[in-house]
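# this one's structure only:
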Ligand SMILES: C[S@@+](CC[C@H](N)C(=O)[O-])C[C@H]1O[C@@H](n2cnc3c(N)ncnc32)[C@H](O)[C@@H]1O
(Lines give C-alpha, C1' and ligand atoms only; values in the text may rest on other atoms or scores of the structure.)
Protein backbone atom coordinates (compact mmCIF):
# COMPACT_ATOMS: atom_id res chain seq x y z
CA UNK A 1 0.00 0.00 0.00
CA UNK A 2 2.88 2.40 0.83
CA UNK A 3 4.18 2.00 -2.75
CA UNK A 4 0.67 2.83 -4.03
CA UNK A 5 0.86 6.17 -2.20
CA UNK A 6 4.17 7.00 -3.91
CA UNK A 7 2.42 6.60 -7.25
CA UNK A 8 -0.80 8.31 -6.09
CA UNK A 9 1.23 11.31 -4.82
CA UNK A 10 2.30 12.03 -8.43
CA UNK A 11 -1.24 12.08 -9.83
CA UNK A 12 -3.29 13.21 -6.79
CA UNK A 13 -3.31 16.95 -7.39
CA UNK A 14 -3.46 16.88 -11.21
CA UNK A 15 -6.49 14.54 -11.08
CA UNK A 16 -8.36 15.74 -7.99
CA UNK A 17 -7.34 19.31 -7.11
CA UNK A 18 -10.21 21.05 -8.94
CA UNK A 19 -12.89 18.52 -7.99
CA UNK A 20 -11.93 18.78 -4.31
CA UNK A 21 -11.59 22.57 -4.19
CA UNK A 22 -15.26 23.24 -3.21
CA UNK A 23 -14.86 20.73 -0.37
CA UNK A 24 -11.62 22.35 0.85
CA UNK A 25 -13.41 25.71 0.88
CA UNK A 26 -16.42 24.25 2.73
CA UNK A 27 -14.09 22.73 5.35
CA UNK A 28 -12.37 26.11 5.79
CA UNK A 29 -15.72 27.82 6.24
CA UNK A 30 -16.67 25.34 8.97
CA UNK A 31 -13.64 26.36 11.03
CA UNK A 32 -13.13 29.95 9.87
CA UNK A 33 -13.47 31.36 13.39
CA UNK A 34 -10.64 29.18 14.72
CA UNK A 35 -7.68 30.80 12.95
CA UNK A 36 -5.59 30.88 16.12
CA UNK A 37 -6.23 27.24 17.08
CA UNK A 38 -3.72 24.37 16.77
CA UNK A 39 -4.82 22.20 13.86
CA UNK A 40 -3.57 18.76 12.82
CA UNK A 41 -4.39 17.17 9.45
CA UNK A 42 -4.03 13.39 10.00
CA UNK A 43 -3.21 11.51 6.74
CA UNK A 44 -2.81 14.91 5.07
CA UNK A 45 -1.73 13.71 1.61
CA UNK A 46 -0.45 16.62 -0.49
CA UNK A 47 -1.61 19.05 2.20
CA UNK A 48 -4.04 21.06 0.09
CA UNK A 49 -6.47 21.59 2.94
CA UNK A 50 -3.86 23.14 5.22
CA UNK A 51 -2.29 25.14 2.37
CA UNK A 52 -5.68 26.77 1.83
CA UNK A 53 -6.04 27.44 5.56
CA UNK A 54 -2.54 28.94 5.69
CA UNK A 55 -3.28 31.28 2.76
CA UNK A 56 -6.37 32.45 4.64
CA UNK A 57 -4.66 33.39 7.86
CA UNK A 58 -4.68 30.18 9.93
CA UNK A 59 -1.43 30.12 11.87
CA UNK A 60 -0.74 26.90 13.73
CA UNK A 61 -0.88 24.12 11.16
CA UNK A 62 0.49 20.54 11.38
CA UNK A 63 0.43 17.92 8.62
CA UNK A 64 1.04 14.20 9.26
CA UNK A 65 1.31 11.43 6.68
CA UNK A 66 2.99 8.03 6.35
CA UNK A 67 4.13 8.75 2.79
CA UNK A 68 7.26 10.78 2.21
CA UNK A 69 6.23 11.36 -1.40
CA UNK A 70 3.04 13.07 -0.20
CA UNK A 71 4.92 15.18 2.37
CA UNK A 72 7.47 16.29 -0.23
CA UNK A 73 4.55 17.90 -2.09
CA UNK A 74 3.31 19.56 1.13
CA UNK A 75 6.76 21.08 1.55
CA UNK A 76 6.88 22.47 -2.03
CA UNK A 77 5.36 25.83 -1.07
CA UNK A 78 6.10 28.72 1.25
CA UNK A 79 3.26 28.04 3.70
CA UNK A 80 4.48 27.69 7.29
CA UNK A 81 3.10 24.17 7.83
CA UNK A 82 4.93 21.68 10.07
CA UNK A 83 5.14 18.19 8.59
CA UNK A 84 5.53 14.79 10.30
CA UNK A 85 6.29 11.50 8.58
CA UNK A 86 4.46 9.22 11.00
CA UNK A 87 1.79 6.55 11.24
CA UNK A 88 -1.59 8.07 12.14
CA UNK A 89 -2.53 5.00 14.19
CA UNK A 90 0.24 5.73 16.69
CA UNK A 91 1.74 9.21 16.65
CA UNK A 92 4.44 10.72 18.83
CA UNK A 93 2.29 13.64 20.07
CA UNK A 94 1.28 14.03 23.70
CA UNK A 95 -2.33 13.64 24.81
CA UNK A 96 -4.53 16.69 24.10
CA UNK A 97 -2.03 18.37 21.75
CA UNK A 98 -4.53 19.81 19.25
CA UNK A 99 -7.71 21.90 19.18
CA UNK A 100 -8.87 20.49 15.86
CA UNK A 101 -7.96 17.22 14.12
CA UNK A 102 -8.95 16.93 10.45
CA UNK A 103 -9.17 13.51 8.77
CA UNK A 104 -10.03 13.99 5.12
CA UNK A 105 -10.67 11.22 2.58
CA UNK A 106 -8.47 8.89 4.60
CA UNK A 107 -10.87 6.60 6.49
CA UNK A 108 -12.68 4.85 3.61
CA UNK A 109 -9.49 3.40 2.10
CA UNK A 110 -8.22 1.67 5.27
CA UNK A 111 -9.14 -1.72 6.72
CA UNK A 112 -11.45 -1.68 9.74
CA UNK A 113 -8.71 -2.17 12.30
CA UNK A 114 -6.69 0.77 10.96
CA UNK A 115 -9.81 2.95 10.76
CA UNK A 116 -10.58 2.29 14.43
CA UNK A 117 -6.98 2.95 15.49
CA UNK A 118 -6.90 6.30 13.63
CA UNK A 119 -10.17 7.42 15.24
CA UNK A 120 -8.89 6.39 18.69
CA UNK A 121 -5.63 8.23 18.09
CA UNK A 122 -7.53 11.37 17.05
CA UNK A 123 -9.57 11.07 20.25
CA UNK A 124 -6.37 10.92 22.31
CA UNK A 125 -4.88 13.98 20.56
CA UNK A 126 -7.84 16.35 20.76
CA UNK A 127 -8.16 18.78 23.65
CA UNK A 128 -11.24 18.39 25.85
CA UNK A 129 -12.95 21.39 24.25
CA UNK A 130 -11.67 20.64 20.74
CA UNK A 131 -13.21 18.67 17.91
CA UNK A 132 -12.56 16.29 15.03
CA UNK A 133 -13.60 17.17 11.49
CA UNK A 134 -13.94 14.18 9.16
CA UNK A 135 -14.47 14.42 5.41
CA UNK A 136 -15.39 11.18 3.68
CA UNK A 137 -17.86 9.38 1.47
CA UNK A 138 -21.44 8.66 2.41
CA UNK A 139 -23.80 6.52 0.32
CA UNK A 140 -27.40 6.75 1.46
CA UNK A 141 -30.80 7.63 0.01
CA UNK A 142 -29.71 11.27 -0.46
CA UNK A 143 -26.62 10.35 -2.54
CA UNK A 144 -27.25 10.74 -6.27
CA UNK A 145 -26.50 7.94 -8.76
CA UNK A 146 -24.12 10.35 -10.51
CA UNK A 147 -22.15 10.81 -7.29
CA UNK A 148 -22.09 7.06 -6.49
CA UNK A 149 -20.79 6.25 -9.97
CA UNK A 150 -18.12 8.97 -10.03
CA UNK A 151 -16.82 8.06 -6.55
CA UNK A 152 -16.80 4.32 -7.33
CA UNK A 153 -14.81 4.90 -10.53
CA UNK A 154 -12.21 7.02 -8.70
CA UNK A 155 -11.87 4.41 -5.94
CA UNK A 156 -11.47 1.60 -8.46
CA UNK A 157 -8.65 3.55 -10.10
CA UNK A 158 -6.87 3.83 -6.73
CA UNK A 159 -6.00 0.10 -6.72
CA UNK A 160 -7.42 -3.23 -5.57
CA UNK A 161 -6.74 -2.91 -1.84
CA UNK A 162 -8.16 0.63 -1.71
CA UNK A 163 -11.24 -0.47 -3.61
CA UNK A 164 -11.89 -3.48 -1.37
CA UNK A 165 -11.59 -1.29 1.72
CA UNK A 166 -13.83 1.35 0.17
CA UNK A 167 -16.55 -1.24 -0.60
CA UNK A 168 -16.34 -2.58 2.97
CA UNK A 169 -16.55 0.97 4.34
CA UNK A 170 -19.72 1.62 2.32
CA UNK A 171 -21.22 -1.75 3.28
CA UNK A 172 -20.48 -1.06 6.96
CA UNK A 173 -22.41 2.21 6.78
CA UNK A 174 -19.43 4.59 6.46
CA UNK A 175 -18.58 6.94 9.31
CA UNK A 176 -21.83 6.33 11.19
CA UNK A 177 -20.96 2.60 11.42
CA UNK A 178 -17.46 3.42 12.60
CA UNK A 179 -17.55 6.43 14.92
CA UNK A 180 -19.50 5.33 17.95
CA UNK A 181 -21.14 7.50 20.60
CA UNK A 182 -18.83 6.19 23.30
CA UNK A 183 -15.90 7.97 21.64
CA UNK A 184 -17.43 10.98 19.85
CA UNK A 185 -20.68 12.87 19.51
CA UNK A 186 -21.72 14.08 16.03
CA UNK A 187 -22.49 17.79 16.36
CA UNK A 188 -22.71 18.94 12.75
CA UNK A 189 -22.87 17.49 9.30
CA UNK A 190 -22.74 19.11 5.88
CA UNK A 191 -23.13 17.26 2.55
CA UNK A 192 -21.25 17.98 -0.70
CA UNK A 193 -20.57 16.52 -4.15
CA UNK A 194 -24.17 15.57 -4.92
CA UNK A 195 -24.53 14.24 -1.38
CA UNK A 196 -21.74 11.69 -1.82
CA UNK A 197 -19.39 13.41 0.65
CA UNK A 198 -19.97 14.41 4.24
CA UNK A 199 -18.12 17.03 6.28
CA UNK A 200 -18.83 15.90 9.84
CA UNK A 201 -17.84 17.55 13.10
CA UNK A 202 -17.48 15.40 16.21
CA UNK A 203 -16.80 16.39 19.81
CA UNK A 204 -14.95 13.95 22.03
CA UNK A 205 -17.10 12.21 24.58
CA UNK A 206 -15.54 13.48 27.79
CA UNK A 207 -16.04 10.28 29.82
CA UNK A 208 -14.18 8.19 27.21
CA UNK A 209 -11.64 10.92 26.92
CA UNK A 210 -10.72 10.61 30.60
CA UNK A 211 -10.51 6.82 30.46
CA UNK A 212 -8.26 7.07 27.37
CA UNK A 213 -6.00 9.46 29.27
CA UNK A 214 -5.58 6.84 31.99
CA UNK A 215 -4.60 4.04 29.50
C1 LIG B 1 -6.65 9.53 -0.17
S2 LIG B 1 -5.31 10.30 0.60
C3 LIG B 1 -6.12 11.69 1.37
C4 LIG B 1 -5.20 12.86 1.48
C5 LIG B 1 -5.79 14.15 2.06
N6 LIG B 1 -6.20 14.01 3.42
C7 LIG B 1 -6.88 14.75 1.22
O8 LIG B 1 -7.92 15.13 1.75
O9 LIG B 1 -6.67 14.89 0.01
C10 LIG B 1 -4.95 9.28 2.02
C11 LIG B 1 -3.63 9.60 2.67
O12 LIG B 1 -3.49 8.78 3.85
C13 LIG B 1 -2.10 8.49 4.01
N14 LIG B 1 -1.99 7.34 4.92
C15 LIG B 1 -2.36 6.07 4.69
N16 LIG B 1 -2.14 5.30 5.78
C17 LIG B 1 -1.64 6.13 6.73
C18 LIG B 1 -1.23 5.96 8.06
N19 LIG B 1 -1.31 4.75 8.67
N20 LIG B 1 -0.74 7.02 8.73
C21 LIG B 1 -0.64 8.25 8.14
N22 LIG B 1 -1.03 8.47 6.86
C23 LIG B 1 -1.52 7.44 6.17
C24 LIG B 1 -1.63 8.24 2.59
O25 LIG B 1 -0.24 8.35 2.46
C26 LIG B 1 -2.39 9.31 1.82
O27 LIG B 1 -1.64 10.48 1.72
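Structure received. Being a predicted model, the structure only gives us computed values, none of them experimental. Numbers count the residues shown, from 1 in each chain.

# Show me what from this protein comes close to the ligand.
Within reach of the ligand by Cβ under 6 Å from any ligand atom, the chain has these residues: 5, 43-45, 49, 65-67, 70, 87-89, 104-106, 109. Bear in mind the C-beta positions are built from the backbone N, C-alpha and C, glycine included.

# Let's see that with 5 Å instead.
Residues of the chain lying close to the ligand (Cβ under 5 Å from any ligand atom) are 5, 43, 45, 65-67, 70, 87-88, 104-106.

# so can I have a markdown table of the residues you listed showing neighbour count and distance to residue 132?
A markdown table is the format used below for the residues of the chain next to the ligand (neighbours: other Cβ atoms under 10 Å; distance: Cβ to Cβ, whole Å):
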| residue | neighbour count | distance to residue 132 |
| --- | --- | --- |
| 5 | 21 | 23 |
| 43 | 22 | 13 |
| 45 | 24 | 17 |
| 65 | 26 | 17 |
| 66 | 16 | 19 |
| 67 | 21 | 22 |
| 70 | 22 | 21 |
| 87 | 16 | 18 |
| 88 | 24 | 12 |
| 104 | 23 | 11 |
| 105 | 17 | 15 |
| 106 | 21 | 12 |
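
# What is the nearest of the residues you listed to residue 182?
residue 88 (20.5 Å; Cβ to Cβ).

# the helices in the chain, which residues?
Shown for the chain, the helices assigned by DSSP state H span residues 2-30, 48-55, 68-75, 112-125, 145-157, 160-171, 174-178, 206-214.

# Where among these is average confidence lowest?
Comparing mean pLDDT across the helices of the chain, the weakest is helix 206-214, with a mean of 54.

# ok, the residue in the chain that the ligand sits nearest to - contacts?
Of all residues in the chain, residue 45 sits closest to the ligand, at 2.4 Å by Cβ to the nearest ligand atom. Counting by Cβ atoms under 8 Å, 6 or more residues apart in numbering, residue 45 makes contact with 9, 12, 65, 70, 104-106.

# let's see 7 Å
Contacts of residue 45 were listed using Cβ atoms under 7 Å, 6 or more residues apart in numbering, and they are 12, 65, 70.

# List the contacts of the first one.
Residue 12 makes contacts with 45-46, as judged by Cβ under 7 Å, 6+ apart.

# ok, it to residue 105 distance?
Residue 12 sits 10 Å away from residue 105, going by Cβ to Cβ, to the nearest Å.

# cool, and the last one?
Per Cβ to Cβ, residue 70 is found 12 Å from residue 105.

# Geometrically speaking, which residue is the centre of the chain?
Residue closest to the average C-alpha location in the chain (Cα atoms, centre = their mean): residue 103, at 1.7 Å.

# How about that one: which residues does it bridge to?
residue 42, residue 134 (DSSP bridges).

# Look up the pLDDT of it for me, please.
pLDDT at residue 103 comes out at 98.

# Let me see the contact set for it.
42-43, 118, 122, 132, 134.

# ok so, going back, which pLDDT does the model give the residue of the chain closest to the ligand?
pLDDT, residue 45: 96.

# Backbone dihedrals for it, please?
Dihedral pair for residue 45: phi 60, psi -130, per degrees, to the nearest 10.

# still on that earlier bit, biggest separation within the contacts of residue 103, which pair?
43 and 132 (12.7 Å).

# re earlier: and the gap between the residue of the chain closest to the ligand and residue 82?
According to Cβ to Cβ, residue 45 stands 16 Å off from residue 82.
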